[in-house]
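**Student:** sequence plus the predicted model coming up.
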Amino acid sequence: MHSSRPSLPDFLIASVTETLARWLPVGDASLAPRNWDRDEWLAAEWIAYGQNALPWLCDRIAQARLALPASSRERLETINALSRQRTLRMLDAAVELIEALRRVGVEAMPFKGALLAPLAYPDPAMRPLADLDLLVREQEVRKSIGVLERLGYVYYSRSAEDFVYLRGQRKANVWHPDNVHPIELHFRIREEYAGLAYDLTQAMWSSAGRRAYWRGSQALVPAWPIALHHVCGHATSDWLIQRGKLMEIGDIQTVASRITEEEWDAFLASIPRSSARFVYPALAVTQRYAPGSIPEHVLVSLRVHLAPTLKTWADTTTLAEASESNPRPRSAIGLRLARLLARSRAERLAMWLRSLFPRRWNLVKRYPRLAASPFFPLCYVLINLDRAAHVLKLRSAR
């Protein structure tokens, strides 16, 4: 049920999304939805499930002592308990893998949820973990894959930045602790915005230091300014392609609360002027939904480097518009990104071309066998025929 969009009016899903986005980060009882009916709670379940925010929602419900339909309360409490168990089990799996890699001379750096859950969140189980992201050096990928296979993980897919391996069987509930455990083994940390690449790999390695990690273990982890830098770049990418999440607001809010004044200075120093466009939107959205979480001087320092169209988008776009709560098709989204992000005609052309011809390994999930074969150029024919058919279908429906 939670994996499929509920058959509810789009305006209702949008309204519930915005209520959650304003209420969950702040926790103000005056923002709590005390008069929602069954349909609104059904929408809230779907949104929180898909946007990785079930523990957050359940925590706020308890704090506000909200009354809600018994069926919704039972489903939320059940999935929340499973999600919390999953996070702890996934972190144990992260330690198992990090230590196994270290024994063969490979240093692995956790990032995204694998970093934030144990080290940024006061209660690690509040941060759901669908998968684990680890960074290794590119020359050590083969050795790392051997370790993964010895631990029972099997190959699933790859991209231009990582290899994905799985352990376990799929369950209907993605937050079940026994649901498949994916490992994304990255050798490059690069966010791509339809042809514009923003690579933070070297920055992550340069800032890293060994520290206490989880249940007495140690791991190599990035400094908080660089960790926040990456979280923002990733969140901006998701928001631009209509996959924004409540969890990302929580991640940025949580990490920002740990950063000192000196670290904010280091954060700003790590962002080239031309790259402010990849970082500011995530900070602006977080500040709008969690007022006071981002220092004003940080926002001002970055905003000055943005084009007017991107400033307007970052300052006005809602989570309902920039997430899967928005039913608008995502076709031709690369062209929209070009209009927002490109700083020159050359960049705009590069983005258009990359939108039409994605990187080969980024096509694996859509065409797994074909993309891995010598005939992979046929993927470009198929994907663009699909897009053309979709556009024609939309026009004929008008």
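**Tutor:** Yes, it's here.
**Student:** now R102: which helix or strand?
**Tutor:** Assigned by DSSP states H and E, R102 belongs to helix 70-103.
**Student:** tell me the domain boundaries of this protein?
**Tutor:** 1-68, 84-192+209-222, 223-340, 357-397 (automatic domain parsing).
**Student:** name the residues that touch the helix or strand following the helix holding R102?
**Tutor:** Downstream of helix 70-103, the first helix or strand assigned by DSSP H and E is strand 109-111. Identification of contacts with strand 109-111 by C-beta atoms under 8 Å, 6 or more residues apart in numbering yields 94, 98, 132-136, 186, 189, 204-205, 208, 213, 219-222, 227, 230. Any C-beta I mention is one placed from the backbone N, CA and C, and that applies to glycine too.
**Student:** direction included, what does strand 109-111 pair against?
**Tutor:** strand 132-135 (antiparallel) (DSSP bridges).
**Student:** helix or strand right after the partner strand?
**Tutor:** By DSSP H and E, the next helix or strand past strand 132-135 is helix 141-150.
**Student:** tell me which other helices or strands the helix or strand that that following helix is followed by touches.
**Tutor:** Later in the chain than helix 141-150, the nearest helix or strand by DSSP H and E is strand 154-158. In this structure, strand 154-158 makes packing contacts with strand 162-167, judged by 3 or more C-beta pairs under 8 Å, 6 or more residues apart in numbering; DSSP states H and E.
**Student:** the residue with the largest distance to the centre of the chain: which element?
**Tutor:** Residue farthest from the centre of the chain, counting by C-alpha atoms, centre = their mean, is S396 at 34.4 Å. Secondary structure from DSSP H and E places S396 in helix 378-397.
**Student:** so how far is that helix from its chain's centroid?
**Tutor:** With C-alpha atoms, centre = their mean, to the nearest Å as the basis, helix 378-397 stands 27 Å off its chain's centre.
**Student:** please apply the same query to stretch 264-283.
**Tutor:** 18 Å.
**Student:** quick thing: my sequence starts at 56, can you match it?
**Tutor:** That works, and once the first residue is 56, the last one we named lands at stretch 319-338.
**Student:** now it: buried residues?
**Tutor:** For stretch 319-338, the neighbour count (16 or more other C-beta atoms under 10 Å) marks 319, 321-323, 325-326, 330-338 as buried.
**Student:** adding distance to E132 and mean pLDDT, write the domains of the chain out as a markdown table.
**Tutor:** Listed next are the domains of the chain as a markdown table, based on distance: least, C-beta to C-beta, whole Å; pLDDT from 0 to 100:
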| stretch | distance to E132 | mean pLDDT |
| --- | --- | --- |
| domain 56-123 | 7 | 95 |
| domain 139-247+264-277 | 11 | 97 |
| domain 278-395 | 18 | 94 |
| domain 412-452 | 33 | 82 |
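**Student:** distance to L131 added to the ones you listed, as TSV?
**Tutor:** Below are the domains of the chain laid out as TSV (distance: least, C-beta to C-beta, whole Å):
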stretch	distance to L131
domain 56-123	6
domain 139-247+264-277	11
domain 278-395	14
domain 412-452	30
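**Student:** tell me who's in contact with L354.
**Tutor:** L354 touches 335, 338-339, 342, counting by C-beta under 8 Å, 6+ apart.
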